[in-house]
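S.K.: fold the following and give me the result.
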Amino acid sequence: METAIAVGDGKLTNEELGALTRRFMEVIRRIKEGTVEKADVLVAFQMVAEGRTKQMVEPCKRQHRMDCKQFFMLAPSERRKSRAPLRMRPQKWIDRLYWKYRMFFDGKKVYGGTSLMPEDVIALMWEAENIPAFNINNGWTPIQSILYDFNAGEHDRGIVSATLQWLGTNTGREFLRRMVATANLDV
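M.R.: Numbers count the residues shown, from 1 in each chain. This is a model prediction of the structure:
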């Protein structure tokens, strides 16, 4: 038998109450792990309690400057030229990549939104970004500029590449969102 709790003009069913409880527990979990500020949650809950939910949504201050693009996988012959190839990362970071054990890459194939996880896309874009172009920056790639060493060792390049790959994880993307919001940057 379905029971319901009266809320306002409508009723809150057990399923809706369960969904509300799960969302509340998710907020608590995020506060504990530090991805959501407790003060922000308390302000939001107070606004809900006072019925000021329309004021809760802030207008978006940031605007995208480019349209979304599909990711094109580079041909293996091009990927070999990279100063930060995927094989250089520590093995645990290589094992994390979604495509490593679920997909077979063909250099001509296009991968869009659902095929690759954000971490995969960042790792592959970083690899592609570090292919030297001798007419740009005298052949110095971003990883060599970060390490400030044209002949940086494989271990150092692997650590920097794994750090960039981390930005594609859930925690890394949340860090980027907070950094952009705090620094008030346009993206």
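S.K.: distance of the closest residue to Met88 other than its chain neighbours from Gly139?
M.R.: Nearest residue to Met88, sequence neighbours excluded (CB to CB, 6 or more residues apart in numbering): Gly158, at 4.5 Å. Every residue, glycine included, has its C-beta placed from N, CA and C. Separation of Gly158 from Gly139 (CB to CB, to the nearest Å) stands at 21 Å.
S.K.: do the same with Ile28
M.R.: Counting by CB to CB, the gap from Ile28 to Gly139 is 51 Å.
S.K.: what comes up buried for stretch 131-147?
M.R.: Residues 131-132, 140-141, 143-144, 147 are the ones in stretch 131-147 that count as buried (16 or more other CB atoms under 10 Å).
S.K.: from the middle of its chain, how far away would whatever helix or strand Phe45 lives in be?
M.R.: Assigned by DSSP states H and E, Phe45 belongs to helix 38-49. Put simply, helix 38-49 sits 26 Å off its chain's centre (CA atoms, centre = their mean, to the nearest Å).
S.K.: packing partners for it?
M.R.: On a contact count with 3 or more CB pairs under 8 Å, 6 or more residues apart in numbering; DSSP states H and E, helix 38-49 meets helix 14-33.
S.K.: buried sites along whatever helix or strand Thr171 lives in?
M.R.: In this structure, Thr171 sits in helix 170-183 according to DSSP H and E. Under the neighbour-count criterion of 16+ other CB under 10 Å, helix 170-183 has Gly172 buried.
S.K.: what mean pLDDT does it have?
M.R.: Helix 170-183 comes out with an average pLDDT of 87.
S.K.: low-confidence regions, the chain specifically.
M.R.: 1-10, 54-71, 98-116, 186-187 (pLDDT under 70).
S.K.: please repeat the previous calculation with a cut-off of 90.
M.R.: When residues are selected by pLDDT under 90, those of the chain lie in 1-125, 127-142, 144-146, 148-158, 162, 164-165, 167-171, 173-174, 176-187.
S.K.: okay, strands next: where are they in it?
M.R.: For the chain, the strands defined by DSSP state E occupy 4-7, 10-13, 71-72, 110-111.
S.K.: buried residues, the second one. List them.
M.R.: When neighbours are counted by 16+ other CB under 10 Å, no buried residue of strand 10-13 is found.
S.K.: neighbouring strands - and their directions - for that strand?
M.R.: Here strand 10-13 has these sheet partners by DSSP bridges: strand 4-7 (antiparallel).
S.K.: ok, the residue nearest to Leu167 when sequence neighbours are not counted - contacts?
M.R.: Nearest non-adjacent residue to Leu167, counting by CB to CB, 6+ apart: Ile122, 5.7 Å away. Residues in contact with Ile122 (CB atoms under 8 Å, 6 or more residues apart in numbering) are 164-165, 167-168.
S.K.: can you redo those residues as a markdown table with neighbour count and distance to Thr182?
M.R.: Formatted as a markdown table, the contacts of Ile122 follow (neighbours: other CB atoms under 10 Å; distance: CB to CB, whole Å):
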| residue | neighbour count | distance to Thr182 |
| --- | --- | --- |
| Leu164 | 22 | 20 |
| Gln165 | 23 | 23 |
| Leu167 | 16 | 16 |
| Gly168 | 23 | 20 |
